[in-house]
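**Student:** Starting from these lines, generate the structure:
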Amino acid sequence: MLLYIHGFNSSPQSDKARVTAEYLRTHYPQLAFFQPQLPSSPIAAIALLEEICVEAIAEGESLAFIGSSLGGYYSSYLAERFGGLAVLVNPAIKPFELFEQFVGPQYNPYTDEHYHLSINDKADIAKYDTKVINHPERFLVLLQTGDEVLDYRQALHKYHHCALYCQPGGDHSFVGYQQHLTKICQFLKLD
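**Tutor:** Numbering: from 1, shown residues only. Modelled structure (predicted):
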């Protein structure tokens, strides 16, 4: 089972998510692939993701994750907790430190949802921090140095002992992502 986890104020309708879904439909049509719209609440988002993982494990499926930005943060937590392989694309490392600037009214343009991010959400998201990566062999981390949202050096530091691909330039969306899908699927052992 492959779980694609989108980032903050994003959705399965983002460019990366749609490109991933199309690639998998074409090359891995039999693969159990999930791309849920995450609730805006971190607690509710993790509860949904954990439920999907528990059900997959109960059905005897192996786990694989692709997580972008905040989805990378969640993927890290899930891969360490449940096992499986994870590809992190420009992952958030300490989103709870960034939430301070987002506390208050929020809008997700993909879902047209207006919601409020509270100081409690900041504390809640910190609960899922994987301070230490105990299983570096489970991770492939794709970074671009031109990420205007997150400092790629934090990911380099945290995942230095994992498989890493750090490309100069680019941006937070990870320019040219579709060109890496073959490598991503090989790492996730989808064949």
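
**Student:** low-scoring pLDDT stretches of this structure, where are they?
**Tutor:** Within the chain, no range satisfies pLDDT under 70.

**Student:** could you pull out the helices for it?
**Tutor:** 15-27, 42-58, 70-82, 95-98, 119-126, 152-158, 181-187 (DSSP state H).

**Student:** Packing partners of the fifth one?
**Tutor:** For helix 119-126, the contact count by 3 or more CB pairs under 8 Å, 6 or more residues apart in numbering; DSSP states H and E identifies helix 42-58, helix 95-98 as packing neighbours. Yep, even glycine has a C-beta here, placed from its N, CA and C like the rest.

**Student:** For L190, see how far away L38 is.
**Tutor:** Going from L38 to L190 by CB to CB, to the nearest Å gives 23 Å.

**Student:** before we move on, back to that, and the helices of the chain as CSV, adding distance to H172 and mean neighbour count?
**Tutor:** Written out in CSV, the entries for those read as follows (distance: least, CB to CB, whole Å; neighbours: other CB atoms under 10 Å):
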stretch, distance to H172, mean neighbour count
helix 15-27, 10, 16
helix 42-58, 19, 16
helix 70-82, 11, 24
helix 95-98, 12, 18
helix 119-126, 18, 16
helix 152-158, 10, 17
helix 181-187, 18, 17
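
**Student:** what's near enough to touch L49?
**Tutor:** Applying CB atoms under 8 Å, 6 or more residues apart in numbering, we find L49 in contact with L3, I5, P36, L38, Y74, L78.

**Student:** err, Q154, not the other one
**Tutor:** Going by CB under 8 Å, 6+ apart, the list of residues near Q154 reads I93, K94.

**Student:** returning to what we had before: I'd like the contacts of L49 as a markdown table, with distance to Q101 appended.
**Tutor:** A markdown table is the format used below for the contacts of L49 (distance: CB to CB, whole Å):
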| residue | distance to Q101 |
| --- | --- |
| L3 | 28 |
| I5 | 22 |
| P36 | 26 |
| L38 | 20 |
| Y74 | 20 |
| L78 | 26 |
